[in-house]
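Novice: Fold the following, please.
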Amino acid sequence: MITLRNRALLAPMSGITDLPFRRLAHRLGAGLVVAEMVASKMLADEHTQTLQRVMGGGDLSPYVIQISGRDPVEMASAARVAADLGADMIDINMGCPARKVIKGLAGSALMKQPDLALSLIESVIHAVDVPVSLKMRLGWDENQLNAAYIATRAEQAGIQMISVHGRTRCQFYKGRADWPAIAPVVEAVDVPVIANGDILSYEDVKSCLTQSGAHGVMVGRGAQGRPWIVGEYGAKLQGNCHFVPPTLEEKKELIIEHYEDMLGFYGKELGLRNARKHLGWYVDDLLKEREQALLWRARLCREYDPLNVIGSLEHLFDELAQQEEIAA
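Specialist: You can find the predicted model right below:
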């Protein structure tokens, strides 16, 4: 089994947890980072863009790749490719609620078909020598809350860690995650269970762990615009009461580093486009006044010259530093 650095993990998020983001969150102390989900067939065929999405060997340790699919043979082939790429652990996705994934009868659609789900799990476990984990939801809908049942069978098959998002597939991301509903999964198995869903603050971390009994938390949307937050939660869970979050100046350096890393990873044109959502989230975290945030979002995301983007970021942080001085 993989040894985690701490109990706060970064969730895999499509189009977000690329190598630059994972590299930064890992360096800032996240207990584990997971590559964005990839389709098993695309990975098995070693599709160029898919290989780029799962890059991380040599940069990250542990190196975790998440795969999805509904064909046991394809899943096994994808798992072998992942292991050949150097993955220390392979995660099976049974939690994605996206329509295009469900249409292919993968992701959380597998919650409706436990027997097929278990055949996929067994196929992956038998295909590789590295640990295999599972990410899922509470069930398909309120009438089919079968996460504990699937978790029990998955553990018997050899799954070594289970992450549970506290919603059903039919809820998508509506309402609040039901952390107490994860407790039956924790009680049903002996392997570590990680709780996921609506972890937006350290108070959420503590409440989630108390209500679910889970061994750790997995942070998704709460890390957008805050790649340092997973490491902060992990440090506090380890009892580091004197943890000091990044200063304003340190945040500026981290954001510019992330931006430049994305340009280097994707190339200028694609890097500019892919970085815009991150710049928007950074602005939203820094500026609580909505109109001001929208103005800065527009300024940063409509610029095509990376040097001008970095110059604008420095200007923004100069303004924030002046506001801090006035407030002090």
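
Novice: tally of neighbours for Arg99?
Specialist: By other CB atoms under 10 Å, the residues close to Arg99 number 9. (Each C-beta comes from the backbone N, C-alpha and C, glycine too.)

Novice: Arg290 versus that one, what's the distance?
Specialist: Distance from Arg99 to Arg290, counting by CB to CB, to the nearest Å: 30 Å.

Novice: how about the helices of this protein, start to end?
Specialist: Residue ranges of the helices in the chain, as given by DSSP state H, are 19-27, 40-44, 48-53, 72-84, 99-103, 114-127, 147-157, 183-188, 202-212, 229-237, 248-266, 268-286, 290-301, 306-327.

Novice: Need these in CSV (columns: mean pLDDT).
Specialist: Below are the helices of the chain laid out as CSV (pLDDT from 0 to 100):
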stretch, mean pLDDT
helix 19-27, 96
helix 40-44, 95
helix 48-53, 93
helix 72-84, 97
helix 99-103, 90
helix 114-127, 97
helix 147-157, 98
helix 183-188, 98
helix 202-212, 98
helix 229-237, 96
helix 248-266, 97
helix 268-286, 95
helix 290-301, 92
helix 306-327, 90
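
Novice: Show me the one of these that comes nearest Cys170.
Specialist: Cys170 lies closest, by CB to CB, to one member of the helices of the chain: helix 99-103, at 10.2 Å.

Novice: Buried residues in the closest one, which are they?
Specialist: By 16 or more other CB atoms under 10 Å, the buried positions in helix 99-103 come out as 101-102.

Novice: just how off-centre is that helix within its chain?
Specialist: 19 Å (CA atoms, centre = their mean, to the nearest Å).

Novice: Tell me if I'm right that Ser77 and Ala39 touch.
Specialist: No - using CB atoms under 8 Å, Ser77 makes no contact with Ala39, being 11.8 Å away.

Novice: More neighbours: these two, which one.
Specialist: Neighbour count, other CB under 10 Å: between Ser77 and Ala39, Ser77 has more, with 22 against 19.

Novice: Now do the contacts for the nearest residue to that one once chain neighbours are set aside.
Specialist: Closest residue to Ser77 apart from its sequence neighbours, by CB to CB, 6 or more residues apart in numbering: Ala44 at 3.8 Å. Neighbouring residues of Ala44 by CB atoms under 8 Å, 6 or more residues apart in numbering: 74, 77-78, 81.

Novice: As a markdown table, these with distance to Glu260 would be great.
Specialist: Below are the contacts of Ala44 laid out as a markdown table (distance: CB to CB, whole Å):
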| residue | distance to Glu260 |
| --- | --- |
| Glu74 | 37 |
| Ser77 | 36 |
| Ala78 | 32 |
| Val81 | 30 |
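
Novice: and of the residues you listed, the nearest to His126?
Specialist: Using CB to CB, the contacts of Ala44 come closest to His126 at Ser77, 12.3 Å.

Novice: For His126, give its distance to Gly86.
Specialist: His126 is 20 Å from Gly86, where distance means CB to CB.

Novice: And Leu237, by the same measure?
Specialist: 28 Å.

Novice: between the two, which one's more packed in?
Specialist: For the pair Leu237 and Gly86, the greater number of neighbours falls to Leu237 (18 against 14), based on other CB under 10 Å.

Novice: Might you calculate how far stretch 203-223 sits from the centre of the chain?
Specialist: 14 Å.

Novice: Identify the residues contacting it?
Specialist: Applying CB under 8 Å, 6+ apart, the contact partners of stretch 203-223 are 4, 6-11, 13, 25, 31, 163-164, 166, 177, 179-180, 182-183, 186-187, 192-201, 229-230, 233, 236-237.

Novice: Check the residues you listed for burial and list the buried ones.
Specialist: Buried among the contacts of stretch 203-223 (16+ other CB under 10 Å): 4, 6-11, 13, 25, 31, 163-164, 166, 177, 179, 182-183, 186, 192-199, 229-230, 233, 236-237.

Novice: What about Arg153, how many residues nearby?
Specialist: 18.

Novice: Quick check: closest non-adjacent residue to it.
Specialist: Leu118 (5.2 Å).

Novice: so that neighbour touches Glu155, yeah?
Specialist: No - Leu118 is beyond contact range of Glu155, at 11.0 Å (criterion: CB under 8 Å).
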